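Asks: Sequence below, structure please.
(4 chains)
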Protein chains: 2
Amino acid sequence: MIKLGKLTDYAIAVMGQLVHEAADSSAQGEGTMSSSAHYLSSRTGIPEPTIAKVLKMLAKGGLVVSARGAAGGYRLAKPAGQISIGEIIAVMDGPVAIVSCVDPGQEPCMMSETCPTRHGWSRVNDAIKSALDGVKLTEMLSAPACGKVHDFMKGEDAGCA
Amino acid sequence: MIKLGKLTDYAIAVMGQLVHEAADSSAQGEGTMSSSAHYLSSRTGIPEPTIAKVLKMLAKGGLVVSARGAAGGYRLAKPAGQISIGEIIAVMDGPVAIVSCVDPGQEPCMMSETCPTRHGWSRVNDAIKSALDGVKLTEMLSAPACGKVHDFMKGEDAGCA
DNA sequence: ATAAACAGTACTTATTCAGTACGATTAGGA
DNA sequence: TCCTAATCGTACTGAATAAGTACTGTTTAT
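Replies: So this is what the prediction gives:
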């Protein structure tokens, strides 16, 4: 249904929280403060085991850096303005790939002869990709365009007009 | 993983086949000829029970019209140039909805208080939606932009350069 | 040395999707 | 009128995928 996995949703929430933490700590002059998984869990409401998994994936993807040991934790790997939604999705869900009849190492398409839609997929995919890359994390946090968000699942998309 | 369901992929293949059929029949002056599920199955390689299911969904969504009884079948509800990929996806997979923490009738988000990403989703969703609506069915069929299609799953998107 | 915190892996469970089967309805032709 | 070909609708089953959990190991500040 063209939807993100829950983990991806969590990831964006966590990243958003880290943006706040970074802003707070830099206001106090300590730009390198880390937040623990436990702390982030309490702030976001996401269960700790799950958020730990998300953070590990983000760290592996290079979006956050981790500090081990006591007083360790996570922080953003780069300024929030340079992180796009597309990056986060790519780390959590893999690269954007619309079509299902492709599978690396397998035959390209089970009906490559007769299927009349062999062409044109890449432009669709690229359009989505650039749409996701065009939205930065900072924009997600401060964009009260209209009061109705999280409503586009209910059939018509919330007008925002 | 931001991918379409197989049925959606089938649907686009079937619609593409119907475009060809419509073109052929109109060339013979019979613009209202219908193609049966059995015939479309043989042309696309998609198993007949499955393609029948797809066609039923498309008919329900108003993208194809059906004729019952002997010599019945399906045909496009409107010219191929007026049908967008977004429409087909909407019919098969429901409206484009990125976020998972929404569920009609339920509470909007389990962490609506602390979650810092309440805002900004609609612009992401709209961007994807317009990207999908911008590609018409006719463009999918005749767009040999480069030889490499169906390859954007393999990590980097096929350059097409 | 101890406790706190991340790293990695493996497992279990739940949800969703694809595919199939069956009976009902409709319309054309012998 | 009867038979056949085709869609319509629903329901069921199996499989693939994702989510969540648990456990063990490694690191580091106190």
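Asks: What ranges does chain A have for its strands?
Replies: Secondary structure of chain A by DSSP state E: the strands cover A:64-67, A:73-76.
Asks: Make CSV from these and add mean neighbour count to it.
Replies: Placement of C-beta: from N, CA and C, glycine included. What follows is the strands of chain A, written out as CSV (neighbours: other Cβ atoms under 10 Å in any protein chain shown):
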stretch, mean neighbour count
strand A:64-67, 18
strand A:73-76, 21
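Asks: out of the ones you listed, nearest to DNA strand D?
Replies: Counting by Cβ to the nearest atom of the strand, DNA strand D lies closest to strand A:64-67 out of these; the figure is 7.0 Å.
Asks: wait, does that closest one contact chain B?
Replies: No - on the criterion Cβ under 8 Å from any Cβ of the partner chain, strand A:64-67 is out of touch with chain B, staying 15.3 Å away.
Asks: Mind giving me the packing neighbours of that strand?
Replies: Secondary structure elements in contact with strand A:64-67, counted by 3 or more Cβ pairs under 8 Å, 6 or more residues apart in numbering or on different chains; DSSP states H and E, are helix A:48-60, strand A:73-76.
Asks: Out of the ones you listed, the one nearest chain B is which?
Replies: helix A:48-60 (11.2 Å; Cβ to the nearest Cβ).
Asks: quick one: buried residues of the closest one?
Replies: A:I51, A:A52, A:V54, A:L55, A:M57, A:L58 (16 or more other Cβ atoms under 10 Å in any protein chain shown).
Asks: quick one: low-confidence parts of chain A?
Replies: Scanning chain A for pLDDT under 70 picks out A:1, A:27-32, A:99-119, A:142-161.
Asks: tell me the angle the longest helix belonging to it makes with helix A:48-60.
Replies: Scanning chain A for the helix with the most residues, using DSSP state H, yields helix A:6-27. On the basis of axes from the mean of the first three to the mean of the last three Cα atoms, to 10 degrees, helix A:6-27 is oriented at 80 degrees to helix A:48-60.
Asks: hey, C-alpha coordinates of helix A:6-27 in PDB?
Replies: The C-alpha coordinates for helix A:6-27 follow below in PDB (Å, rounded to 0.1, in the frame of the first residue of the first chain):
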ATOM      1  CA  LYS A   6       6.500   0.900  11.500                       C
ATOM      2  CA  LEU A   7      10.200   0.800  12.200                       C
ATOM      3  CA  THR A   8      10.800   3.600   9.600                       C
ATOM      4  CA  ASP A   9       8.100   5.700  11.300                       C
ATOM      5  CA  TYR A  10       9.800   5.200  14.600                       C
ATOM      6  CA  ALA A  11      13.100   6.100  13.100                       C
ATOM      7  CA  ILE A  12      11.900   9.400  11.900                       C
ATOM      8  CA  ALA A  13      10.400  10.100  15.300                       C
ATOM      9  CA  VAL A  14      13.600   9.200  17.000                       C
ATOM     10  CA  MET A  15      15.700  11.300  14.600                       C
ATOM     11  CA  GLY A  16      13.300  14.200  15.400                       C
ATOM     12  CA  GLN A  17      13.900  13.700  19.100                       C
ATOM     13  CA  LEU A  18      17.600  13.700  18.500                       C
ATOM     14  CA  VAL A  19      17.300  17.000  16.700                       C
ATOM     15  CA  HIS A  20      15.700  18.500  19.800                       C
ATOM     16  CA  GLU A  21      18.400  17.100  22.000                       C
ATOM     17  CA  ALA A  22      21.100  18.400  19.800                       C
ATOM     18  CA  ALA A  23      19.500  21.900  19.800                       C
ATOM     19  CA  ASP A  24      19.200  21.900  23.600                       C
ATOM     20  CA  SER A  25      22.700  20.700  24.200                       C
ATOM     21  CA  SER A  26      24.300  23.100  21.800                       C
ATOM     22  CA  ALA A  27      22.400  25.900  23.500                       C
END
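Asks: Quick check: buried residues in that helix?
Replies: A:7-19, A:21-22, A:25.
Asks: how about it against chain B, any contact?
Replies: Yes - contact of helix A:6-27 with chain B (Cβ under 8 Å from any Cβ) involves A:K6, A:D9, A:I12, A:A13, A:G16, A:Q17, A:V19, A:H20.
Asks: Against which helices or strands is that helix packed?
Replies: Applying 3+ Cβ pairs under 8 Å, 6+ apart, one finds that helix A:6-27 contacts helix A:37-44, helix A:48-60, strand A:73-76, helix A:85-93, helix A:137-141.
Asks: How about residues contacting the first one?
Replies: Taking contacts as Cβ atoms under 8 Å, 6 or more residues apart in numbering or on different chains, the residues outside helix A:37-44 that touch it are A:10, A:13-14, A:17-18, A:46-48, A:51-52, A:55, A:73-74, B:111, B:114-115.
Asks: from these, which single one is nearest A:A131?
Replies: Nearest to A:A131 among those: A:A13, at 20.4 Å, using Cβ to Cβ.
Asks: From the centroid of chain A, which residue is nearest?
Replies: Geometric centre of chain A, nearest residue: A:I88, 3.1 Å, by Cα atoms, centre = their mean.
Asks: Looks like that residue contacts A:A13 (just checking).
Replies: No - look at A:I88 against A:A13 with Cβ atoms under 8 Å: they stay out of range, at 10.4 Å.
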